[in-house]
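1. Show me how the following folds:
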Amino acid sequence: MNLDTKFFSLQNRFKEKGHHAASETVPVLSALCGPKKLSDFHKISFTGKELHAVRHWSNVPFLTVPLARAHGKSFAHRSELRQAKRIVVKLGSAVVTRGDECGLALGRLASIVEQVAMLQNQGREMMIVTSGAVAFGKQRLRHEILLSQSVRQALHSGQNQLKDMSLPVLEARACAAAGQSGLMALYEAMFTQYSTCTAQILVTNLDFHDDQKRRNLNSTLHELLRMNIVPIINTNDAVVPPPEPNSDLQGVISIKDNDSLAARLAVEMRADLLIALSDVEGLYDSPPGTDDAKLLDTFYPGDQQSITYGTKSRVGIGGMEAKVKAALWALQGGTSVVIANGTHPKVTGHVITDIVEGKKVGTFFSEVKPAGPTVEQQTDMARTAGRTLASLLPEQRSEIIYAMADLLTEKKEEILSANKKDMELAINSGRMPTSMLKRLSMSSAKLNSLAIGLRQIAVSSQDSVGRVIRRTRVANNLELEQITVPIGVLLVIFESRPDCLPQVSALAIASGNALLLKGGKEAANTNRILHELAQEALSMHGVKDAIQLVSTREEVEDLCRLEKMIDLIIPRGSSQLVRDIQRASKGIPVLGHSEGICHVYIDHEASIDKVIKIVRDSKCDYPAACNAMETLLVHRDVLRTPLFDQIIDMLRTEQVKIHAGPRFASYLTFSPSEVKSLRTEYGDLECCIEVVDSMQEAVDHIHKYGSSHTDVIVTENEETAEQFLQLVDSACVFWNASSRFADGYRFGLGAEVGISTARIHARGPVGLEGLLTTKWVLRGDGHTAADFSEQGSMKYLHENLPVAQTLTGQRTSN
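-> Numbers count the residues shown, from 1 in each chain. Sure thing, here's the model as predicted:
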């Protein structure tokens with residue numbers, strides 16, 4: 001009998017005998033198929049009395065994720081959770097049950113099942129420790145009691161007495177007995193949708209105290225995992241005795257609730273990760289809901305003395321104290337633990353997969369305490385020092401920036417030596433493109449240019465913070481001022497461009513902002529020494545902590561979620577980096593542009609000499625820059641002229657690869673490669689050439705395919721040029737000048753934190769002014785709004801007053 005015939009025979013036997021328990025499949029399948037053939041079925045599931053299997057073909061390996069590590073030591077960092085092979089998911093009562101505690105939260109449960117099935121299909125070994133039997137049984141028993149009472153009262157008292165019915169108090173063990181089978185049937189039905197088989201295991205504390213039972217349980221679980229079956233484990237609440245206080249043995253945790261069960265099971269099974277889902281975001285340093293409560297991203301053994309526990313959840317018998325105790329016990333046994341919220345409607349659908357991907361969700365328990373401060377602590381330190389920085393006199397902030405500029409030249413050799421290490425590592429890796437290598441490289445000339453730019457910022461910072469930009473006399477002795485103030489805490493994320501660090505640092509100092517810097521690991525050595533120089537300069541006025549370099553393993557996406565701590569994110573890097581940050585940042589504004597698709601339009605009245613110079617500089621001066629030309633628009637009348645021939649010859653001489661736009665290609669017999677998209681940022685010696693019939697058509701093309709960054713017209717016709725400058729809706733629009741001028745340093749801003757294509761706050765190269773906001777200051781003399789009512793004695797004046805030249809709100813020097 002071949003394997004398929006054996007399987008159908010087995011299926012018929014299951015139909016006849018009505019077997020449901022997954023524990024019966026192993027010996028039966030082994031007997032029919034043999035241990036070697038058993039692996040041919042990688043998915044086995046049960047629906048009613050039918051047995052289903054999906055063949056695992058040898059040429060399509062099932063284990064899609066290479067997961068292997070020696071057990072015995074928990075993961076030190078969240079990022080390592082991706083390596084977790086064996087995972088226990090504990091579902092608390094508050095997660096599984098509805099708000100009325102009668103019945104299950106089916107939608108929530110379905111999303112959890114989907115995530116578990118997905119991880120299982122990645123090749124991980126998943127186990128679920130679940131609550132919910134009591135709630136499910138309570139729903140069923142209440143329904144039966146109501147039905148029974150309604151029938152009796154209808155027979156004896158009439159329908160008018162139904163509203164007076166009262167439900168008796170239901171005993172928890174009876175509810176558990178009535179709910180276990182229904183709960184398991186629900187899990188089976190849900191997992192079957194993903195071709196995943198489940199098996200139910202009910203345990204009590206005694207099962208762990210008896211060595212033989214514990215070995216049997218361990219063997220059963222291993223066999224189920226080997227067959228790619230998801231075990232669903234629960235305490236047998238129908239027979240479990242009431243928990244005994246303080247009954248833990250030395251080194252062993254007793255099973256009082258599903259928290260302790262999950263921890264005990266995770267350690268017994270040598271699980272890599274235990275995910276405990278509850279109705280709170282994680283572990284707080286004080287009861288959630290209190291004013292000063294802070295969610296702990298990471299919890300370390302020994303920190304429990306500083307924790308104040310709140311009340312237990314509305315259901316369940318554990319509570320946060322029990323969860324922490326169980327988590328620490330599991331951690332000591334070599335299993336990593338994350339406690340997270342499984343009830344939040346916005347995150348439930350991906351909370352488990354986010355945790356396994358290493359994202360900052362809930363509280364991660366770790367035995368390895370980092371040497372330096374956490375990013376949250378760094379942010380607090382930066383904000384505190386930033387407020388002091390903003391209160392300094394303008395001359396004092398200028399002194400700090402001048403000192404930074406001097407250090408760039410004085411410590412030039414140290415900087416270049418550190419940069420040389422980064423360059424060697426990047427080149428040896430062979431993975432970094434040429435454009436990024438150019439950004440990574442530092443030189444004496446670049447350092448000198450940086451120092452000049454910093455000195456420009458120092459000069460411009462004299463009248464930045466506290467500048468009065470509007471004064472109004474609202475009424476007699478009631479004057480209103482609008483003054484400039486720092487934004488707060490800036491997060492600047494940059495990749496492979498260490499020269500960004502001193503530029504952004506100087507702008508933050510000049511504007512009185514605190515600053516978090518997250519650089520790419522490819523520039524780690526250069527960034528470290530440049531940050532040390534910035535802090536050395538800041539120390540002269542006691543504000544060293546105002547600029548922080550985030551050097552921990554923080555993922556960019558996690559930083560973008562600190563909406564209560566960071567006020568503005570400024571990405572400096574590739575368009576992909578900017579898009580990723582804009583997508584990840586939910587509550588923090590992002591200042592930047594996602595792409596730099598810059599156009600140069602050659603009008604039919606353009607000067608040959610200007611065209612050649614501008615096109616060469618726009619494309620070839622620094623092709624990787626965001627302000628480099630990507631599309632050359634040519635007026636139709638320029639085609640087949642000496643000017644066009646010279647443009648093509650120059651681009652070929654500069655080794656620029658040309659892509660033809662659709663219209664340009666139609667004019668050619670043998671055209672270069674046709675462009676795949678007219679909305680492409682090449683970032684290299686490549687560009688697209690397209691033909692247009694008029695200046696207006698060029699404007700329309702720019703609006704359709706551009707990124708509102710920088711666009712140029714080359715023409716000798718002033719009227720055409722002025723129309724172009726007015727019509728093009730981009731951050732920077734130039735006439736007879738290279739697109740490369742779109743830069744804070746070239747604009748005289750000293751430096752820039754980036755170029756913004758946004759419509760509000762700041763646009764174009766963002767320098768010092770773009771890092772300031774305003775606040776309103778009102779000075780009165782006992783005025784009230786009632787004074788200005790119809791019955792009041794005062795009248796509004798709203799007179800514009802001259803703006804004072806002196807700055808307000810500055811700290812006097814010592």
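2. how about stretch 416-432: buried residues?
-> Residues of stretch 416-432 classed as buried by neighbour count (16 or more other CB atoms under 10 Å): 416, 418, 419, 422, 423, 425, 426, 432. In this view, the C-beta of every residue, glycine as well, is placed from N, C-alpha and C.
3. how much distance is there from that stretch to the middle of the chain?
-> 28 Å (CA atoms, centre = their mean, to the nearest Å).
4. cool, and stretch 77-84?
-> For stretch 77-84, the distance to the chain centre is 16 Å (CA atoms, centre = their mean).
5. Ok, stretch 504-517 next?
-> Worked out by CA atoms, centre = their mean, stretch 504-517 lies 23 Å from the chain centre.
6. so what's the residue sitting nearest the centre point of the chain up against?
-> With distances taken as CA atoms, centre = their mean, the residue of the chain nearest its centroid is residue 557 (2.4 Å). Residue 557 makes contact with 359, 360, 580, 584, according to CB atoms under 8 Å, 6 or more residues apart in numbering.
7. again, only this time at 10 Å
-> The contact partners of residue 557, by CB atoms under 10 Å, 6 or more residues apart in numbering, come to 354, 357, 358, 359, 360, 580, 581, 583, 584, 585.
8. Excluding sequence neighbours, find me the nearest residue to the last one.
-> The shortest distance from residue 585 to any residue that is not its chain neighbour, by CB to CB, 6 or more residues apart in numbering, is 4.2 Å, and that residue is residue 560.
9. Might one say that that neighbour is in contact with residue 582?
-> Yes: with contacts defined as CB atoms under 10 Å, residue 560 counts as touching residue 582 at a distance of 9.1 Å.
10. which neighbours do those two share?
-> Common neighbours of residue 560 and residue 582 (criterion: CB under 10 Å, 6+ apart): 569, 571, 590.
11. picking up where we left off before, which among the contacts of residue 557 count as buried?
-> Buried among those by 16+ other CB under 10 Å: 354, 358, 359, 360, 580, 581, 584, 585.
12. Adding pLDDT, secondary structure and distance to residue 661, write those residues out as CSV.
-> Listed next are those as CSV, based on pLDDT from 0 to 100; DSSP: H, G, I helix; E, B strand; the rest coil; distance: CB to CB, whole Å:
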residue, pLDDT, secondary structure, distance to residue 661
354, 93, helix, 42
358, 90, coil, 43
359, 88, coil, 41
360, 87, coil, 44
580, 85, helix, 29
581, 88, helix, 31
584, 84, helix, 34
585, 86, coil, 34
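13. Compare residue 560 and residue 582 (neighbour count), which wins?
-> Neighbours were tallied for residue 560 and for residue 582 using other CB atoms under 10 Å; the higher tally belongs to residue 560 (23 against 16).
14. Phi first, then psi, for that one.
-> With angles defined as degrees, to the nearest 10, residue 560 sits at phi -70, psi -10.
15. what's the distance between residue 643 and residue 736?
-> Applying CB to CB, to the nearest Å, the value for residue 643 to residue 736 is 15 Å.
16. Pull up the per-residue confidence for residue 612.
-> Among the per-residue scores, residue 612 shows a pLDDT of 97.
17. cool, residue 121 as well?
-> Residue 121 is given a pLDDT of 93.
18. could I get the shared contacts of residue 560 and residue 582 as CSV with distance to residue 660?
-> Listed next are these as CSV, based on distance: CB to CB, whole Å:
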residue, distance to residue 660
569, 38
571, 32
590, 35
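19. Double-check that residue 601 belongs to a strand.
-> Yes: using DSSP: H, G, I helix; E, B strand; the rest coil, the assignment for residue 601 is a strand.
20. okay but it is in contact with residue 635, surely?
-> Yes: applying CB under 10 Å, one finds residue 601 in contact with residue 635, separated by 7.7 Å.
21. which phi and psi does residue 337 have?
-> Taking degrees, to the nearest 10, you get phi -130, psi 140 for the backbone angles of residue 337.
22. Residue 455 versus that one, what's the distance?
-> Using CB to CB, residue 337 is found at 53 Å from residue 455.
23. in the stretch 401-550 of the chain, which ranges drop under the pLDDT threshold?
-> Of all residues in the stretch 401-550 of the chain, none has pLDDT under 70.
24. Which stretches in it count as strands?
-> Using DSSP state E, counting those that start in this stretch, the strands of the stretch 401-550 of the chain run over 468-475, 478-486, 489-494, 514-519, 547-549.
25. Now distance to residue 78 and mean neighbour count too, for those, in TSV please.
-> Formatted as TSV, the strands of the stretch 401-550 of the chain follow (distance: least, CB to CB, whole Å; neighbours: other CB atoms under 10 Å):
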stretch	distance to residue 78	mean neighbour count
strand 468-475	45	16
strand 478-486	32	19
strand 489-494	19	25
strand 514-519	16	26
strand 547-549	20	24
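26. who wins for proximity to residue 620 among these?
-> strand 489-494 (24.3 Å; CB to CB).
27. From the contact counts, what lies against that closest one?
-> When contacts are defined as 3 or more CB pairs under 10 Å, 6 or more residues apart in numbering; DSSP states H and E, strand 489-494 packs onto helix 375-391, helix 500-511, strand 514-519, strand 547-549, helix 556-559, strand 568-572, helix 575-584.
28. Out of those, flag the one nearest residue 483.
-> Ranking the helices and strands packed on strand 489-494 by proximity to residue 483 (CB to CB) places helix 375-391 first, at 11.7 Å.
29. Buried residues in the closest one, which are they?
-> Across helix 375-391, burial judged by 16+ other CB under 10 Å covers 375-376, 378-383, 385-386, 388-390.
30. Tell me the one of the residues you listed nearest residue 686?
-> The nearest member of the buried residues of helix 375-391 to residue 686, counting by CB to CB, is residue 375 at 38.3 Å.
31. circling back: can you pull the pLDDT of the residue nearest to residue 585?
-> pLDDT, residue 560: 86.
32. same deal with the one 3 residues further on?
-> Each residue has a pLDDT score; the one for residue 563 is 87.
33. That one: neighbouring residues, count only.
-> Per other CB under 10 Å, the neighbour tally for residue 563 reads 13.
34. Which helix or strand contains it?
-> Here residue 563 is covered by no helix or strand, with elements defined by DSSP states H and E.
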